[in-house]
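In: quick one: sequence and predicted model below, then my questions.
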Amino acid sequence: MKKQTLAFALLAICGLGASSAFAADGTISISGSITGSTCTISGGTGAAPGSGANFPVALDRVQASALSSAGATAGDKRYFIHVVGATCPEGTKVAVLYEATSPAINPATGNLKNTATATPASKVEVQIVDGAINSPMDLRLGQASTMATVTGGTASMPFYARYIATGGAAGQGLVNTSVQYTVTFP
């Protein structure tokens, strides 16, 4: 009986010693800030702040022949996302993040799939271009646009939406799509 008690006591002591082998190696300090939104988001195809955070961009009609091979683009339509407000803090940096989880984003191309259900155009998607640097955005990566700075209560970020042929020549028909976005304050 003494041997069993001694064995259990030794196991308990060893167990206490083992817990110190898993001591912390470091500390992560996390900080942040919460701010009241003093800016308003609006967008549209005009250079001046306009119709609210949800807005349409109507692409112009193009001939199918303008999209005759994979990768061909046509119909660039400029639009803006604005951050505005009389009390929007001067010098604030802002950017747009197109949500990579938006259902219309094609995971193979990073463009927006054509979601038209009635007579959809074939082999065509919509590509978003960061207008500040004239560079197509790969929306599946969830990267932010070029930053803009609030000056005089306004920051405007330009973009283009355009048709892009995928998988060969585009066929005629309708094109519809949508994408969610977030304005970030990096």
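Out: Everything's here; your move. Numbering: from 1, shown residues only.
In: shaky segments in this structure?
Out: Applying pLDDT under 70 to the chain flags residues 1-22, 27, 33, 35-37, 47.
In: again, 80 this time
Out: 1-24, 26-29, 31-38, 46-51, 186 (pLDDT under 80).
In: strands of this protein, start to end?
Out: 40-44, 73-84, 93-98, 124-130, 135-136, 148-149, 154-165, 181-184 (DSSP state E).
In: so what does the closest residue in space to residue 132 that isn't next to it in sequence look like in phi/psi?
Out: Using C-beta to C-beta, 6 or more residues apart in numbering and skipping residues adjacent in sequence, the residue nearest residue 132 is residue 146, 3.8 Å away. No exception for glycine: its C-beta is placed from N, CA and C like everyone else's. Backbone torsions of residue 146, given as degrees, to the nearest 10, read phi -60, psi 140.
In: hang on, isn't residue 146 packed against residue 137?
Out: No - taking contacts as C-beta atoms under 8 Å, residue 146 lies outside contact range of residue 137: 10.0 Å.
In: between those two, which one's more packed in?
Out: residue 137 (20 against 14; other C-beta atoms under 10 Å).
In: next one: the more buried one from residue 145, what distance?
Out: According to C-beta to C-beta, to the nearest Å, residue 137 and residue 145 sit 7 Å apart.
In: between these two, what contacts are shared?
Out: 98, 130 (C-beta atoms under 8 Å, 6 or more residues apart in numbering).
In: for residue 76, give me its contacts.
Out: Applying C-beta under 8 Å, 6+ apart, the residues near residue 76 are 129, 160, 161, 162.
In: let's see 10 Å
Out: Counting by C-beta atoms under 10 Å, 6 or more residues apart in numbering, residue 76 makes contact with 59, 60, 62, 127, 129, 131, 134, 160, 161, 162, 163.
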